[in-house]
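> need a structure here:
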Amino acid sequence: MKNIIEKACFLAFYVFLPCLSLAQADFSGSFLMSFESTGSEKQEPSLSWNVHSTKSDHKMVMEIKDEMNKKGVSKRVLFDPADSTWIMMMAYNNVKQAVRVHASSMFRDSVPPKKVVFKKTNIEKVIEGYKCKKYTLESENYLSEIWVTEQVEFNLNKVYTLLSHCGMTGDLVRKGDWFRQKKIRGMILEVRTTNKSNGSNYTVKITQIKSGIIEEALFKLTGFRISDIPEGQNCGAVLEKD
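Numbers count the residues shown, from 1 in each chain. Below you'll find the model as predicted:
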């Protein structure tokens with residue numbers, strides 16, 4: 001068990017290290033991010049997000065919903081911009097281990113921008129009870145349909161861009177580039193991306209949106225043995241050329 005936790009914390013350090021500005025969004029509440037991909041034999045784990053955002057306090061915690069989670073293993077990451085730290089936590093029964101990264105200077109975006117054609121359409125539909133508008137984004141290799149609601153303000157493409165670093169969503173990132181569009185306002189609730197060369201596609205969905213409702217226990221550090229890692233390291237980007 002000790003070796004499993006050490007490896008998980010070590011991996012989490014390199015996975016979540018660069019994500020340093022997620023808590024800037026106005027949205028406060030929780031939602032679930034899930035993935036579907038054609039031709040994929042493995043099931044991508046869902047990511048459960050809890051965002052606590054006020055004028056004086058901004059925190060975000062992400063919990064990985066995978067097979068280990070179903071067996072009682074909790075893996076979550078807490079970011080607190082007040083002291084620029086990421087805390088990667090893993091708990092099973094009475095064993096609670098965590099790694100705290102002092103990361104104020106670690107993030108840098110080394111990914112060059114790609115040329116894309118971004119268009120707004122007049123097509124609308126309701127997703128999760130929210131009125132959404134359809135946008136399209138086309139690059140050299142991909143065509144994406146993006147559904148956005150203006151009823152919620154949250155920069156999901158920024159979150160996804162940050163997660164693309166260091167391998168967290170590396171496989172999915174290589175299947176699209178919709179998240180590089182900075183002109184989207186509101187909150188993206190669904191994206192379907194098609195590879196123009198082979199017709200394969202993948203979908204990102206945001207569900208279970210609960211504005212103003214968070215699971216406060218996920219933000220607690222009670223009982224965790226925390227190891228500190230100094231700032232100054234950078235894992236770089238894992239994005240590859242198409």
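
> for the residue nearest to W178 when sequence neighbours are not counted, helix, strand, or coil?
Spatial nearest neighbour of W178, chain neighbours left out: S144 (4.0 Å); criterion: C-beta to C-beta, 6 or more residues apart in numbering. The way it works is simple: take the backbone N, C-alpha and C, and place the C-beta from them, glycine included. Put simply, S144 is strand when judged by DSSP: H, G, I helix; E, B strand; the rest coil.

> can you pull the contacts of S144?
Residues near S144 by C-beta atoms under 8 Å, 6 or more residues apart in numbering: T136, L137, E138, G176, D177, W178, V191, R192, T193, T194.

> Are any of those residues buried, and if so which?
Neighbour-count burial (16 or more other C-beta atoms under 10 Å) applied to these gives L137, E138, G176, D177, W178, V191, R192, T193, T194.

> May I ask you to confirm that N201 is in contact with T193?
Yes - under the criterion of C-beta atoms under 8 Å, N201 makes contact with T193 at 6.1 Å.

> thinking again about what came up before, of the buried ones among the contacts of S144, which belong to helices?
Among the buried ones among the contacts of S144, no member falls in helices (DSSP state H).

> Identify, from these, the entry nearest to K158.
Lowest distance from K158 to the buried ones among the contacts of S144 (C-beta to C-beta) belongs to W178, with 12.4 Å.

> What score does that closest one have for pLDDT?
With respect to pLDDT, W178 has a value of 90.

> Contact partners for it?
L137, Y142, S144, I146, N157, V191, T193.

> Since that was my last question, I'll sign off now.
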